[in-house]
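Peer 1: Below are the sequence and a predicted model; questions follow.
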Amino acid sequence: MGAYQVDFEPRAFREVRRLPQHHVGRIMDRIRGLATEPRPPGCEKLRGPDNSWRIRAGDYRVVYRVDDAARVVTIARVGHRRDVYRER
C-alpha cells in the first residue's frame with residue numbers, strides 16, 4: 001500500500017499554530033503517521049455523513065477525513081478534547 005497525502009484545512013492549520021509548543025511535536029508525529037496508516041490502532045470513526053475519523057494525542061484530538069480513492073487524508077480540526085468537537 002502506498003502513502004497518502006496529508007492536507008490541512010486552513011482552520012486546522014491555524015489551530016495547530018495556536019497550540020502550546022510543547023504539545024505540537026507529539027501531535028505532528030501522529031499526523032505524519034496518517035500518511036502511511038490513515039486508520040491506525042485506536043482511531044475512531046465519528047458519526048455523521050462524512051468519512052470523519054479521530055485520533056488521540058494525549059489530551060488533544062485530531063479530526064480528519066480519508067479519501068481512499070484519491071489517497072488523501074484531510075486534517076479538519078486539531079484541539080483539546082474538551083473543545084475539538086464543538087462548532088465555532
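Peer 2: Arrived safely, thanks for sending. All figures in this text were calculated on a predicted structure; none of them were measured in a lab.
Peer 1: measure Arg54 to Ala35 for me?
Peer 2: Arg54 is 17 Å from Ala35, where distance means C-beta to C-beta, to the nearest Å. Just so you know, the C-beta spots here come from the backbone N, C-alpha and C atoms, and that holds for glycine as well.
Peer 1: Those two: which is more packed in?
Peer 2: Arg54 (18 against 14; other C-beta atoms under 10 Å).
Peer 1: OK, contacts around the spatially closest residue to Val72 that is not a sequence neighbour?
Peer 2: Using C-beta to C-beta, 6 or more residues apart in numbering and skipping the chain neighbours, the partner closest in space to Val72 is Gln5 (5.0 Å). Gln5 makes contact with Ala35, Arg71, Val72, Val73, according to C-beta atoms under 8 Å, 6 or more residues apart in numbering.
Peer 1: Tell me the most packed of the residues you listed, by neighbour count.
Peer 2: Counting by other C-beta under 10 Å, top hit in those: Val73 with 24 neighbours.
Peer 1: Contact partners for that one?
Peer 2: Counting by C-beta under 8 Å, 6+ apart, Val73 has contacts Tyr4, Gln5, Val6, Asp7, Leu34, Ala35, Pro38, Tyr64, Arg65, Val66, Asp67.
Peer 1: spatially speaking, which residue is in the middle of this structure?
Peer 2: Val62 (3.3 Å; C-alpha atoms, centre = their mean).
Peer 1: before we move on, what SS does it have?
Peer 2: Three-state assignment for Val62 (DSSP: H, G, I helix; E, B strand; the rest coil): strand.
Peer 1: That one and Ile75 touch, don't they?
Peer 2: Yes: using C-beta atoms under 8 Å, Val62 makes contact with Ile75 at a distance of 6.3 Å.
Peer 1: can you list residues touching both of those two?
Peer 2: Ile31.
Peer 1: Name the residues of the longest helix seen in the chain that are buried.
Peer 2: Ranked by residue count under DSSP state H, the longest helix found in the chain is helix 21-33. For helix 21-33, the neighbour count (16 or more other C-beta atoms under 10 Å) marks His23, Val24, Ile27, Arg30, Ile31 as buried.
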